[in-house]
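1. kindly generate the corresponding structure for this input.
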Amino acid sequence: MSKGSEQREAPVRFDEAGGVLTVTLERDSALNAVTAPMLRTIERELTDRAANEELRLVVLRGAGRGFCSGADLGGESGSQDPDLAVLEAGNAVVTAILGYPVPVVAVVHGPVAGIGVSLALACDLVLARDDAYFLLAFTRIGLMPDGGATELVAASIGRARAMRMALLAEKLPAGEALEAGLVSHVFSEREFDAGVADLLTALAAGPTRAYRATRQAINAATLPGIADAFAREHAGQGALLSSADFAEGVTAFRERRTARFSGA
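-> Numbering: from 1, shown residues only. Sure thing, here's the model as predicted:
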């Protein structure tokens, strides 16, 4: 697929002003469910702009009703059943964010689900509106968390809470996410825009070299196994994608009914 054709399939907007690059998922009709072309476009643009010495901050956010509802399951985009392409493209974006030369901030509201959780947690700060919630619903369709979530979530909130989110597909509201250590800030709807703007302004004016060294040190200390997590998730998800439970899970999702899993 050519770069031009892929961009036409990738509703992502890039705005750069005052040293701040804002990356906005623009697929509100699908609650910003992401596709492989969308993720590849984000990774390519981040890579292309990384050498820009005037860049001081990257902001990742979603347009419309929420941040990101996860990977596309073949809704309005007309895509086929999910495969490893989304996982691989998501891993590339997470890797780019973790190693980026300037701070990366996620600004989230509404659903933050599936691969959207990984995209948010890869960022250095997560600024959440109080209507945001975090959800790892992979098991509902017979899959496992991916995008590095098995490392990113556990590193943030610990094994027990990560297991609850991953096995039981429990929603974690913004307030509880703050208490658990999953996000850095929560704002009310009334205070959200002003609070986010103040924090972004302060970060953009800060010492980018010191920020870079700090981010590298903290990520190395808290996410030492992220590459191994990608490998385990790739292997596990690859097997699950061919399972009968996954086929039933996706069918049930599309038919809006409870899945009847057989363990096969």
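2. who touches Ser262 in this structure?
-> By CB atoms under 8 Å, 6 or more residues apart in numbering, the contact set of Ser262 is 244-245, 248. Where C-beta positions appear, they are placed from N, C-alpha and C, glycine not excepted.
3. doesn't it belong to a helix?
-> No - checked against DSSP: H, G, I helix; E, B strand; the rest coil, Ser262 lies outside a helix; its state is coil.
4. roughly how far apart are it and Ala244?
-> 6 Å (CB to CB, to the nearest Å).
5. out of everything not next to it in sequence, what's closest to Glu54?
-> Gly19 (5.5 Å; CB to CB, 6 or more residues apart in numbering).
6. neighbours of the one you found, how many?
-> Per other CB atoms under 10 Å, the neighbour tally for Gly19 reads 15.
7. now Leu223
-> 20.
8. how close does it get to Ala50?
-> Taken as CB to CB, the span from Leu223 to Ala50 is 19 Å.
9. also Gly206?
-> 18 Å.
10. below-threshold pLDDT in the stretch 151-264 of the chain: ranges please.
-> The stretch 151-264 of the chain contains no residues with pLDDT under 70.
11. any chance you could map the helices in it?
-> Under the criterion DSSP state H, counting those that start in this stretch, helices of the stretch 151-264 of the chain are mapped to 159-168, 174-180, 189-204, 208-222, 226-240, 244-255.
12. related to what we said a few turns ago, next up, the contacts around the residue nearest to Glu54.
-> 54-57, 204 are the contacts of Gly19 under CB under 8 Å, 6+ apart.
13. out of the helices of the stretch 151-264 of the chain, which comes closest to Leu136?
-> Closest of the helices of the stretch 151-264 of the chain to Leu136 is helix 159-168, at 4.8 Å (criterion: CB to CB).
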